[in-house]
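Asker: Fold the following, please.
(one chain, ligands or ions: 2)
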Amino acid sequence: MSSAQNSDSVSHLTQREAAEIDETLMGPLGFSVDQLMELAGLSVATSIAEVYKPSEYDRVLAICGPGSNGGDGLVAARHLYHFGYKPSVCYPKRTQKPLYTGLVTQLESLSIPFLSVEDLPLDFSKDFDIIVDAMFGFSFHGTPRPPFDDLIKRLLCLHGYDQTRQKRPVIVSVDIPSGWHVEEGDIGDEGIKPDMLVSLTAPKLCAKKSSGPHHFLGGRFVPPVIADKYKLRLPPYPGTSMCVRIGKAPNVDISALRENYISPEFLEEQVESDPINQFRKWVDDAIAAGLREPNAMALSTVGKDGKPSSRMVLLKGVDRGGFVWCTNYESRKACELCDNPHASLLFYWDGLNRQVSIFLRLALFHLSTLPAGSLKMVPLFSPSLSKLESYLLDVKNQTEQFF
Ligand SMILES: NC(=O)C1=CN([C@@H]2O[C@H](COP(=O)(O)OP(=O)(O)OC[C@H]3O[C@@H](n4cnc5c(N)ncnc54)[C@H](OP(=O)(O)O)[C@@H]3O)[C@@H](O)[C@H]2O)[C@@H](O)CC1
Ligand SMILES: [K+]
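Answerer: Numbers count the residues shown, from 1 in each chain. Ligands and ions are numbered 1, 2, ... in the order given. Sure, this is the predicted structure:
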């Protein structure tokens, strides 16, 4: 997850500075162009994945130009494929250098379609959810030559959809919105208006004129010696992220937030007859999927006053006798459970689209056998193990009541 930075506090580069930094990185600092391109393309793909989830925006068209900006687009397309998107690539002016032919081969081996300009629909709105604009970067000069002039016009047409409120693909520009002056920006206010700009290394001066909702910085490779020489103020990257948001995240209409949950079918006959086994299986799936804190659960209790309260706790163990977690015996939850032994647990595994809700009662009789600070809770209607077993038999064909 990237954290936001104020765009005014970040340095912006002139075209000359950008080219100089490029030369220094690949000269005295010992980087190779393919190394930097790989990191740049990965940053573009991770920035896209932060905002546009493949469940809603999977059809991607990467339009790649003849230079390194185009190379970033080819790399991004590959990473997007591995992130679960369905990229297509339009690469009309191919560079016959081993770096670029290699990138093309890698994409072809993934069966990613390459579309010629003629193959592309005149109106991109129906066929794509995301257009990656990787035509020109900081070496752009003059006005766009064919076929890019026409491709940029097709991107411009998409802005017409904003008035009609019809869904249109979002435009993600790599480093520079193609066609913009690298320093002056959108001269004449007639260029494309990207929804997301991913600046690389450091934003170029034109980025100050970008008013789209999302501005990210990518390319986590700038050594301090470069930052010192150019007096660069760059935001820290959070955690291990390859990108960081610059500027405020847009205000989002909460009522419009809705994921499309697409999961494999889960049929009744696939449900384990023993609900505890089914639960263990889903915990194992959550662990295998690498989800964060797969044992986190919301514990809801109700005190004497009849008012419910919930909090997140960690499951410390589960067996057919019940669910174990730890608490201070004087905590609010422990006190409430003393007054009212009924509680519910809710596990939610985002990413697997699964949740399990369990109704329990406190099993005080197990307390002496548990580690200090632990409480054990048994599923409701199961005051003892033998009763639990008969309960499980009862619900054999109606596991959904339990899960
Ligand atoms: N640290 C870094 O620096 C990193 C940089 N990286 C990336 O490199 C990008 C800069 O790459 P770059 O220098 O290859 O230039 P870029 O803008 O892609 O294209 C040049 C090509 O476009 C052409 N062209 C120009 N104007 C044109 C026009 N009007 N109409 C038509 N064509 C025109 C020009 O042809 P020419 O005019 O010279 O004949 C040439 O073939 C940078 O923005 C970033 O994305 C990352 O990969 C890694 C880290
Ligand atoms: K671009």
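
Asker: Could you use CA atoms for every contact and neighbour count after this?
Answerer: Noted.

Asker: residue boundaries of the helices in this structure?
Answerer: Using DSSP state H, the helices of the chain run over 15-26, 33-51, 68-82, 98-109, 148-158, 160-164, 224-229, 275-288, 332-339, 385-394.

Asker: For the fourth one, output the C-alpha coordinates as CSV.
Answerer: This file holds the C-alpha atoms of helix 98-109, laid out as CSV (Å, rounded to 0.1, in the frame of the first residue of the first chain):
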residue,chain,number,x,y,z
PRO,A,98,18.2,-7.2,-28.3
LEU,A,99,16.7,-5.5,-25.2
TYR,A,100,13.4,-4.7,-27.1
THR,A,101,13.2,-7.9,-29.2
GLY,A,102,13.7,-9.8,-26.0
LEU,A,103,10.8,-8.0,-24.3
VAL,A,104,8.6,-8.7,-27.3
THR,A,105,9.5,-12.4,-27.2
GLN,A,106,8.7,-12.5,-23.5
LEU,A,107,5.3,-11.1,-24.2
GLU,A,108,4.7,-13.4,-27.1
SER,A,109,5.5,-16.4,-25.0
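
Asker: Counting by contacts, list what it packs against.
Answerer: helix 68-82 (3 or more C-alpha pairs under 8 Å, 6 or more residues apart in numbering; DSSP states H and E).

Asker: quick one, phi psi at the residue in the stretch 251-400 of the chain that ligand 1 sits nearest to?
Answerer: Going by C-alpha to the nearest ligand atom, ligand 1 is nearest to Asn251 of the stretch 251-400 of the chain, at 28.5 Å. Main-chain torsions, Asn251, degrees, to the nearest 10: phi -70, psi 130.

Asker: For His215, list the residues it contacts.
Answerer: Neighbour list for His215: 196-199, 245-247 [criterion: C-alpha atoms under 8 Å, 6 or more residues apart in numbering].

Asker: And the residue of the stretch 251-400 of the chain closest to ligand 1, how far from Pro213?
Answerer: Asn251 sits 9 Å away from Pro213, going by C-alpha to C-alpha, to the nearest Å.

Asker: So for the two, which residue has more residues nearby?
Answerer: Taking neighbours as other C-alpha atoms under 10 Å, Asn251 and Pro213 compare with Pro213 leading, 14 against 7.

Asker: and the more buried one, how far is that from ligand 1?
Answerer: Applying C-alpha to the nearest ligand atom, to the nearest Å, the value for Pro213 to ligand 1 is 20 Å.

Asker: pretty sure that residue contacts Lys193?
Answerer: No: applying C-alpha atoms under 8 Å as the test, Pro213 and Lys193 come out as separate, 10.2 Å apart.

Asker: Return the nearest residue of the chain with respect to ligand 1.
Answerer: For the chain, C-alpha to the nearest ligand atom, closest residue to ligand 1: Gly137, 3.1 Å.

Asker: Can you find the helix or strand in this structure with the smallest mean pLDDT?
Answerer: For the chain, using mean pLDDT, DSSP states H and E, the weakest element among its helices and strands is helix 385-394, scoring a mean of 39.

Asker: among the contacts of His215, which are within reach of ligand 2?
Answerer: Among the contacts of His215, no residue sits close to ligand 2 (C-alpha under 5 Å from the ion).

Asker: Could you check the pLDDT of the closest residue to ligand 2 within the stretch 251-400 of the chain?
Answerer: In the stretch 251-400 of the chain, no residue comes nearer to ligand 2 than Asn251, which is 25.7 Å away by C-alpha to the ion. Listed pLDDT for Asn251 reads 76.

Asker: Identify the residues contacting it.
Answerer: If a contact means C-alpha under 8 Å, 6+ apart, then Asn251 has no contacts.

Asker: switch to numbering from 44
Answerer: Okay, using 44 as the starting number, the last item reads as Asn294.

Asker: Check the gap between the residue nearest to Asp166 when sequence neighbours are not counted and Glu226 for me.
Answerer: Nearest non-adjacent residue to Asp166, counting by C-alpha to C-alpha, 6 or more residues apart in numbering: Arg197, 6.8 Å away. Here the distance between Arg197 and Glu226 works out to 24 Å (C-alpha to C-alpha).

Asker: neighbour count winner among these two?
Answerer: The neighbour comparison of Arg197 against Glu226 (other C-alpha under 10 Å) goes to Glu226, with 20 against 17.

Asker: re the thing from before, out of the helices of the chain, nearest to ligand 2?
Answerer: Nearest to ligand 2 among the helices of the chain is helix 111-125 (6.3 Å), distances taken as C-alpha to the ion.

Asker: Report the distance from the closest one to the chain centre.
Answerer: 17 Å (C-alpha atoms, centre = their mean, to the nearest Å).

Asker: Quickly check: it near ligand 1 or not.
Answerer: Yes: Helix 111-125 comes into contact with ligand 1 (C-alpha under 6 Å from any ligand atom), by way of 111-113, 115.
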